[in-house]
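> any chance you could fold what I've pasted below:
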Amino acid sequence: MQKIKITKMQGLGNDFVILDYEEYEKTGLSLEDLARKLCDRHFGIGADGMIIPKIDTNSADIGWYFYNSDGSTAQMCGNGMRCFAKYVYDKKLVDKKQFSVETLAGIIKPELLDNGLVKVDMGAPILEDARIPFKGERKLKVLNKEFEIFPVSMGNPHCIIFTDEDPLELAKTYGEKIEKHEFFPEKTNTEFVKVISRDEVDMRVFERGCGITLACGTGACATVVAAVLNNLTEQKVKVNLLGGSVIIEWQGSKEKLNEHVFMTGRADYSFFAEYIL
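Next up is the predicted model:
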């Protein structure tokens, strides 16, 4: 009977199973299969994703392996990054509160703040269609409904839709269809957004490879970038998600697209356990 040590964490309800690489090696499974097994909410632990620290990297202080619950990889995950930052610092895998992490989206820089929150430099948004990647028009029709869309990448693709309707109902009805739409050759996360004021929005997300989740950090960042570029909000915005709120700051504009996006929010432990394979 094989046992592995795991840690369960969540950022605004976006939850993750985290384990060290030596624990993964005990399993004899591929990373994809282990992610599907651990993240299964009926036969496993249950999570939106699996994270494993990657120690052997030369380009940053540390790296990670990140897998969605369906076994697919994701270039980045904002809520996962906050949890990861707290985990590796507490385990002394890094020895400073501000450090660099190698991801498939490039180098990301989290910082553990004295108030217990985690602030992450998420890098600059990507708005060129080919790099998102996006191949289509700014109007997208699914199930006889047409949406005006704003494609943005934060290292992973996002489709932002501003609406006066119930964003959760839209996510439930249209999220999966948009995720797999031909406009997005690598599929997409889809954010349905209702603007509350110049400094606050409500956002509901259908995540690529996960479905509807309680929170999406990269989605919150992409949402604020789209909102600023469309003059719907100021540059510092409270983004309300099903699992809580994050603060997103982007000092960019149509003339300053390379400004970095900063995200600040919670990261919390759920439990430590041994899992029986």
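
> what residues of stretch 43-51 count as buried?
44, 45, 47, 48, 49, 50, 51 (16 or more other Cβ atoms under 10 Å). Every C-beta, even on glycine, is put in place using the N, C-alpha and C of the backbone.

> for the closest residue to residue 229 other than its chain neighbours, give me phi and psi.
Excluding its sequence neighbours, the residue lying closest to residue 229 (Cβ to Cβ, 6 or more residues apart in numbering) is residue 254, at 6.1 Å. Per-residue torsions, residue 254: phi -60, psi -20 (degrees, to the nearest 10).

> got the confidence number for residue 254?
Looking at residue 254, its pLDDT reads 95.

> that one - how many residues pack around it?
Residues lying near residue 254 (other Cβ atoms under 10 Å) number 10.

> so it touches residue 228, yeah?
No: contact between residue 254 and residue 228 fails when scored by Cβ atoms under 8 Å: they sit 9.1 Å apart.

> hmm, back to that, and the buried residues of stretch 43-51, which is closest to residue 142?
residue 48 (23.8 Å; Cβ to Cβ).

> how far away is that closest one from residue 154?
Noted for residue 48: a distance of 17 Å to residue 154, by Cβ to Cβ, to the nearest Å.

> before we move on, back to that, would you format the buried residues of stretch 43-51 as CSV with secondary structure and pLDDT included?
Converted to CSV, the buried residues of stretch 43-51 look like this (DSSP: H, G, I helix; E, B strand; the rest coil; pLDDT from 0 to 100):
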residue, secondary structure, pLDDT
44, coil, 97
45, coil, 97
47, coil, 96
48, coil, 93
49, strand, 95
50, strand, 98
51, strand, 98
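
> nearest to residue 277, of the residues you listed?
residue 44 (10.1 Å).

> okay but that closest one is in contact with residue 34, surely?
No: applying Cβ under 8 Å as the test, residue 44 and residue 34 come out as separate, 9.6 Å apart.

> so which residues make contact with stretch 72-80?
If you take Cβ atoms under 8 Å, 6 or more residues apart in numbering as the criterion, stretch 72-80 is touched by 10-12, 14, 16, 32, 49, 51, 66-68, 103-105, 108, 120, 122, 154-156, 208-209, 215-221, 246, 263, 265, 267.

> mind listing what's buried in it?
Within stretch 72-80, the residues scored as buried using 16+ other Cβ under 10 Å are 74, 75, 76, 77, 78, 79, 80.

> out of the residues you listed, list just those in strands.
Among the buried residues of stretch 72-80, DSSP state E puts none in strands.

> quick one on the thing from earlier: now distance to residue 134 too, for the buried residues of stretch 43-51, in a markdown table please.
Output for these, formatted as a markdown table (distance: Cβ to Cβ, whole Å):
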| residue | distance to residue 134 |
| --- | --- |
| 44 | 34 |
| 45 | 34 |
| 47 | 29 |
| 48 | 24 |
| 49 | 23 |
| 50 | 27 |
| 51 | 27 |
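
> of all the residues you listed, which comes closest to residue 138?
Nearest to residue 138, judged by Cβ to Cβ, of the buried residues of stretch 43-51 is residue 48 at 29.1 Å.

> isn't that closest one up against residue 11?
No: look at residue 48 against residue 11 with Cβ under 8 Å: they stay out of range, at 9.8 Å.

> from the centroid of this protein, which residue is nearest?
The centroid of the chain falls nearest to residue 77 when counting by Cα atoms, centre = their mean (2.8 Å).

> residue 270 belongs to a helix?
No: Residue 270 sits outside any helix when classified using DSSP: H, G, I helix; E, B strand; the rest coil, being strand.

> residue 127 and residue 156, how far apart?
14 Å.

> try residue 252
Going from residue 252 to residue 156 by Cβ to Cβ gives 18 Å.

> do the same with residue 15
Counting by Cβ to Cβ - residue 15 and residue 156 are separated by 18 Å.
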